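Visitor: Starting from these lines, generate the structure:
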Amino acid sequence: MLDLQRRLHALRRAGRIPDVLLSVEHEPVITAGRLASPDHILADPKLLERFKIKVYRVERGGDVTYHGPGQLVLYPILDLRQHGRDLRRYVACLEEVMIRTAGRFGVEAHRRPGFPGVWQGMRKLGSVGVHVRGWITMHGLALNVDLKPNLFSLIVPCGLHGVEVASLAELAGRPIPVEEARRVALEAFAEVFSARIVPLDKEALSRWMG
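Guide: As a prediction, the model looks like this:
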């Protein structure tokens, strides 16, 4: 997925493709952003190997985070010259997508100034980490829907000691399939970015990849 993002990012910078939104649910993985401290990965290599979790250094801002089953991840490959040329506004829009998605499941999420992502009280519900080059974005948001298992205990989430992680299902008091959350999140994304989302078939993607 990281290689796909990078290739699509290069194609978007070259003007060869339109904006793209990737929607995925990762197998367990830990990613470390540009500012990440190695000390924020609490699990030793043997434990990570036992859980079959790899660690990747990536271009996005921020510290360490975990991706895994039960989490919805959206990776927008957007040209910000068509979306306001404002990185702070872009991050706020990604947060707004998660806030609206949570709200449609009866969960009131909010921002915390100085701490990118969305929260429910003092518990973190979703994260934002982006990379922008030539006004083209990659990486994006991760919303905890119904984590099974919750392996955030292996890290210091976003480098914030003592922070607990919440999920939509836990807060809503019922199971929430990731596919259900995905439909809601895509609707919210379309609203926030005033966009029309058209499914991309494999043939079109293959043509883009050459």
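
Visitor: Same question for the longest strand seen in the chain: list its buried residues.
Guide: With DSSP state E applied, the strand covering the greatest number of residues in the chain is identified as strand 123-133. For strand 123-133, a neighbour-count test (16 or more other Cβ atoms under 10 Å) marks 124, 125, 126, 127, 128, 129, 130, 131, 132 as buried. Glycine gets a C-beta too; all of them are placed from N, C-alpha and C.

Visitor: got it, and stretch 178-193?
Guide: Under the neighbour-count criterion of 16+ other Cβ under 10 Å, stretch 178-193 has 178, 180, 181, 182, 184, 185, 186, 188, 189, 192, 193 buried.

Visitor: Dump those residues into a markdown table; add distance to residue 158 and pLDDT as well.
Guide: Converted to a markdown table, the buried residues of stretch 178-193 look like this (distance: Cβ to Cβ, whole Å; pLDDT from 0 to 100):
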| residue | distance to residue 158 | pLDDT |
| --- | --- | --- |
| 178 | 21 | 97 |
| 180 | 26 | 97 |
| 181 | 21 | 98 |
| 182 | 23 | 98 |
| 184 | 24 | 98 |
| 185 | 20 | 98 |
| 186 | 25 | 98 |
| 188 | 22 | 98 |
| 189 | 22 | 98 |
| 192 | 22 | 97 |
| 193 | 24 | 97 |
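
Visitor: quick one: which of these sit in helices?
Guide: Under the assignment DSSP state H, these contribute 178, 180, 181, 182, 184, 185, 186, 188, 189, 192 to helices.

Visitor: Could you export those as JSON lines, including distance to residue 111?
Guide: Rendered in JSON lines, the data for those read as follows (distance: Cβ to Cβ, whole Å):
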{"residue": "178", "distance to residue 111": "23"}
{"residue": "180", "distance to residue 111": "24"}
{"residue": "181", "distance to residue 111": "19"}
{"residue": "182", "distance to residue 111": "22"}
{"residue": "184", "distance to residue 111": "19"}
{"residue": "185", "distance to residue 111": "17"}
{"residue": "186", "distance to residue 111": "21"}
{"residue": "188", "distance to residue 111": "15"}
{"residue": "189", "distance to residue 111": "17"}
{"residue": "192", "distance to residue 111": "14"}
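
Visitor: Which other helices and strands does whichever helix or strand residue 203 is part of contact?
Guide: Secondary-structure element containing residue 203, defined by DSSP states H and E: helix 202-209. In terms of contact count using 3 or more Cβ pairs under 8 Å, 6 or more residues apart in numbering; DSSP states H and E, helix 202-209 is assigned the packing partners helix 2-13.

Visitor: By residue count, which helix of this structure is the longest?
Guide: What stands out as the longest helix in the chain, according to DSSP H, is helix 87-103.

Visitor: Tell me the gap between the helix or strand just after it and the middle of its chain.
Guide: Following helix 87-103 in sequence order, the next helix or strand is strand 110-112 (DSSP H and E). Relative to its parent chain, strand 110-112 has a centroid offset of 16 Å by Cα atoms, centre = their mean, to the nearest Å.

Visitor: Check which helices and strands the helix or strand just after strand 110-112 is in contact with.
Guide: Moving toward the C-terminus from strand 110-112, the next helix or strand (DSSP H and E) is strand 115-120. Under the contact criterion of 3+ Cβ pairs under 8 Å, 6+ apart, strand 115-120 touches helix 87-103, strand 110-112, strand 123-133.
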